[in-house]
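> my questions concern the predicted model and sequence given below.
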Amino acid sequence: MKKRKRIEGIKIFGIQTRYLKGAFAFPGMGIFVNKNYATNKNLLRHEFGHILQFRKYGFFYFWFKIAPVSIKSALHSRKRPNHIHMNTWTERNANELAYNYFDKPADWDFYNYPV
């Protein structure tokens, strides 16, 4: 595991594993991203949105409501191609928080990170 950079003060760790296809946020530690996507600005913004969820909704709501639904959805999308992980309320909420936090950037990828 190697520290790559930061987004808004949050550490970003690039990791090489076959199990992590994208990234995940772990509030208090940082954002862990597959090295193949370590420079994907849109993915990093989305993951920062999960950090914003933690800040907005608090420890318990994040870890006992948001995280389980998000993890279950991500795993489900691996088994069922018709399940779109980014359509889950947890993911859309993370996108919305990040989109607003970054002042509605003109280069936001609405297709892959719907608001």
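Nice, thanks for sending it over.

> contacts only, for the residue positioned nearest the centre of the chain.
Geometric centre of the chain, nearest residue: Glu47, 2.5 Å, by CA atoms, centre = their mean. By CB atoms under 8 Å, 6 or more residues apart in numbering, the residues touching Glu47 are Ala23, Phe24, Ala25, Ile31, Val33, Ala94. Every C-beta, even on glycine, is put in place using the N, C-alpha and C of the backbone.

> could you report the neighbour count for the first one?
What it means is Ala23. As a burial measure, Ala23 scores 21 neighbours (other CB atoms under 10 Å).

> quick one, phi/psi of it?
phi -160, psi 170 (degrees, to the nearest 10).

> begin at 47 from here
Noted, 47 is the first residue going forward, which turns the last one into Ala69.

> residues near the closest residue to it other than its chain neighbours, how many?
If the residues on either side of it in the chain are set aside, Ala69 comes closest to Val79, at 3.8 Å by CB to CB, 6 or more residues apart in numbering. For Val79, the count of nearby residues is 23 (other CB under 10 Å).

> Val79 belongs to a strand?
Yes. Under DSSP: H, G, I helix; E, B strand; the rest coil, Val79 sits within a strand.

> hmm, back to that, tell me which of the contacts of Glu93 is nearest to Lys125?
Phe70 (17.7 Å; CB to CB).
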